[in-house]
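> Predicted model, plus sequence, below.
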Amino acid sequence: MKAILLAGGTGSRLRPLTIHTPKPIVPIFNRPFLHYQIDLIKKVPEIDEIILSLNYQPQRIEEILGDGSALGVTMRYVVEPAPLGTAGAVKYASGNLAESVVVFNGDVLTQIDLAAVIRLHRQREARATIVLTPVENPSAYGLVETDPEGNVRRFVEKPGADRITTNHINAGIYVLEPDSFDRIPSDVPWSIERSYFPSLVERGDTFVAYTYDGYWIDIGTPEKYTQVHRDIMDGRYATAPFLNLPAPRISVAPDARIEDGATVEGPCFIDEGVLIKSGARIGPYSVIGRQTQVDEDASIEGAIVWPNCRVGREASVHNAIMGQHCHLGRNVRVADGTVLGDRTTLTDYTHT
Ligand code: GDD
Ligand code: MG
């Protein structure tokens, strides 16, 4: 069985972070996002190949993930000649596959039991099975209405606030039968959410829902990208290095240097080669990427700092995200919610 990961979007809501780092490989702590998704897929031995459906900056993604052998999986890349939309991409990537295929949106993190979803798909002899999850703000997602037997009765992508009829949304994980792909045209962009799923409902195909109410998040906005780090630091999503890490849940790479007189408060993450100078404060929910230097009396809290940055003396970065190779001068203040693109330089005393 194959899994297709849809990883061809431009990640526009995560700009400027995704200008040089496509969303599928943005770091979550010190690992590219897709590593976490691949870990989940690996739990299903029946899946013998992962097909990455790419479009935006495919070479950057291939460079980072290689042939999958370092992760213990077999991986192949399919690059669309032009963006084909979510359905077009699935059809293009599936080639002439005949067997059921698992499809993942390349930006969702979850601990779902994928094997159980595949089992349900088979038991029900479904044409398509979709994972649903309850969320607080459904309007940013695909809304899915079901009947008491768990059949999908309606699929509405991102409806206006006045058309919300359920809080169960499309979690971006499907098992599909390729013999239903004939309704997807080959050469124009086609949406799985706006066209393919509604067509299953219209034609009365067996379209089954699997409801999951465990951990699930779409990392596609700066708020959600930050949230996923908090969730891992708080243990809501269990993974290294925070798995079973005792309070105060401070993860520091062995070669990071924290000078005497610096303060580090958990939960937080300090990666390889980091230098925290005397008087600096690393507050809760900070993530300091590899080789970053935090100078005397600087303060970082609730912020995600990508590798190779320099945070100058007395600078403060609270609840913000910094791309790689940023340079903050002395006494710079980065306002809450700011996202700095790679190589941003803020000169001494700049307040954003
Ligand atoms: N190959 C390829 N080609 N991939 C694409 C394309 C394309 O043309 N367009 C989007 N993708 C990929 C994105 O990279 C992403 O991984 C996935 O498809 C979904 O696209 P998003 O842009 O992240 O969509 P969304 O988050 O607004 O909505 C989707 O996900 C929600 C769950 O997170 C929809 O599937 C919603 O129905 C769903 O609720
Ligand atoms: Mg998304």
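Thanks, I have the structure now. Ligands and ions are numbered 1, 2, ... in the order given.
> switch to C-alpha atoms for all contacts and neighbour counts from now on
Fine.
> what about the residue in the stretch 251-352 of the chain positioned nearest to ligand 1, neighbour count?
In the stretch 251-352 of the chain, the residue that lies nearest ligand 1 is Val339 (18.9 Å; Cα to the nearest ligand atom). Neighbours of Val339 under the rule other Cα atoms under 10 Å: 20.
> could you point out the longest strand in this structure?
Ranked by number of residues, the top strand in the chain under DSSP state E is strand 168-176.
> Off-centre distance for that one?
Computed by Cα atoms, centre = their mean, to the nearest Å, the chain-centroid distance of strand 168-176 equals 15 Å.
> Say whether ligand 1 is contacted by it.
Yes: using Cα under 6 Å from any ligand atom, strand 168-176 reaches ligand 1 at 169-172.
> ok, now stretch 106-126?
Yes: using Cα under 6 Å from any ligand atom, stretch 106-126 reaches ligand 1 at 106-107.
> pretty sure Phe181 belongs to a helix, no?
Yes: under DSSP: H, G, I helix; E, B strand; the rest coil, Phe181 sits within a helix.
> Redo the residues of strand 168-176 next to ligand 1 as a markdown table? Include neighbour count and pLDDT.
Below are the residues of strand 168-176 next to ligand 1 laid out as a markdown table (neighbours: other Cα atoms under 10 Å; pLDDT from 0 to 100):
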| residue | neighbour count | pLDDT |
| --- | --- | --- |
| Ile169 | 27 | 97 |
| Asn170 | 25 | 98 |
| Ala171 | 27 | 98 |
| Gly172 | 21 | 98 |
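> and the protein, which residues reach ligand 1?
Taking Cα under 6 Å from any ligand atom as the criterion, the chain approaches ligand 1 at residues 6-9, 53-55, 83-86, 89, 105-107, 141-142, 157, 169-172, 193, 218.
> picking that back up, which elements pack onto the longest strand of the chain?
strand 101-105, helix 114-123, strand 128-134, strand 142-146 (3 or more Cα pairs under 8 Å, 6 or more residues apart in numbering; DSSP states H and E).
> In TSV: the ones you listed, plus mean pLDDT.
Formatted as TSV, those follow (pLDDT from 0 to 100):
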stretch	mean pLDDT
strand 101-105	97
helix 114-123	98
strand 128-134	98
strand 142-146	97
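> Spatially central residue in the chain, please.
When Cα atoms, centre = their mean is applied to the chain, the residue found nearest the centroid is Asp107 (3.5 Å).
> List the residues that contact the one residue in the stretch 151-300 of the chain that gets nearest to ligand 1.
Among all residues of the stretch 151-300 of the chain, Asn170 sits closest to ligand 1, at 4.0 Å; criterion: Cα to the nearest ligand atom. Contact analysis of Asn170 by Cα atoms under 8 Å, 6 or more residues apart in numbering lists 130-133, 141-144.
> beta partners for it?
Leu132 (DSSP bridges).
> neighbours around Ser199, how many?
Ser199 has 15 neighbouring residues, counting by other Cα under 10 Å.
> And for the one 3 residues further on?
Glu202 sits with 11 neighbouring residues when counted by other Cα under 10 Å.
> Ramachandran angles for it?
Taking degrees, to the nearest 10, you get phi -60, psi -40 for the backbone angles of Glu202.
> which residues does Pro83 contact?
8, 55, 89, 189.
> no, scratch that, I was asking about Ala171
108, 130-133, 216.
> Sketch out the helices for the stretch 151-300 of the chain, chain order is fine.
Here the stretch 151-300 of the chain has its helices, by DSSP state H, counting those that start in this stretch, at 197-202, 222-233.
> Can I get those helices in a markdown table including mean pLDDT and distance to Tyr210?
Formatted as a markdown table, the helices of the stretch 151-300 of the chain follow (pLDDT from 0 to 100; distance: least, Cα to Cα, whole Å):
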| stretch | mean pLDDT | distance to Tyr210 |
| --- | --- | --- |
| helix 197-202 | 96 | 15 |
| helix 222-233 | 98 | 23 |
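> most neighbours per residue, which of these?
Using mean count of other Cα atoms under 10 Å, the stretch among the helices of the stretch 151-300 of the chain with the largest mean neighbour count is helix 222-233, at a mean of 19.
> And that one, what does it pack against?
Helices and strands touching helix 222-233, by 3+ Cα pairs under 8 Å, 6+ apart, are strand 216-218.
> Against which helices or strands is the strand it packs on packed?
When contacts are defined as 3+ Cα pairs under 8 Å, 6+ apart, strand 216-218 packs onto strand 108-110, helix 222-233.
> tell me the mean pLDDT over that strand?
What strand 216-218 shows for mean pLDDT is 97.
> Tell me the strands beside that strand, with direction?
Using DSSP bridges, the strands paired with strand 216-218 are strand 108-110 (antiparallel).
> pLDDT averaged over the strand it pairs with - what is it?
Mean pLDDT, strand 108-110: 97.
> Please apply the same query to stretch 243-256.
On average, the pLDDT along stretch 243-256 is 96.
> In it, which residues are buried?
Within stretch 243-256, the residues that count as buried by 16 or more other Cα atoms under 10 Å are 249-252, 256.
> and the residues you listed, which of them are in strands?
250-252.
> What are the contacting residues of whichever strand or helix holds Ile41?
Remark: Ile41 resides in helix 33-42, with elements defined by DSSP states H and E. Contact with helix 33-42 is made by 3, 23-27, 47, 71, 73, 106-111, 114, as judged by Cα under 8 Å, 6+ apart.
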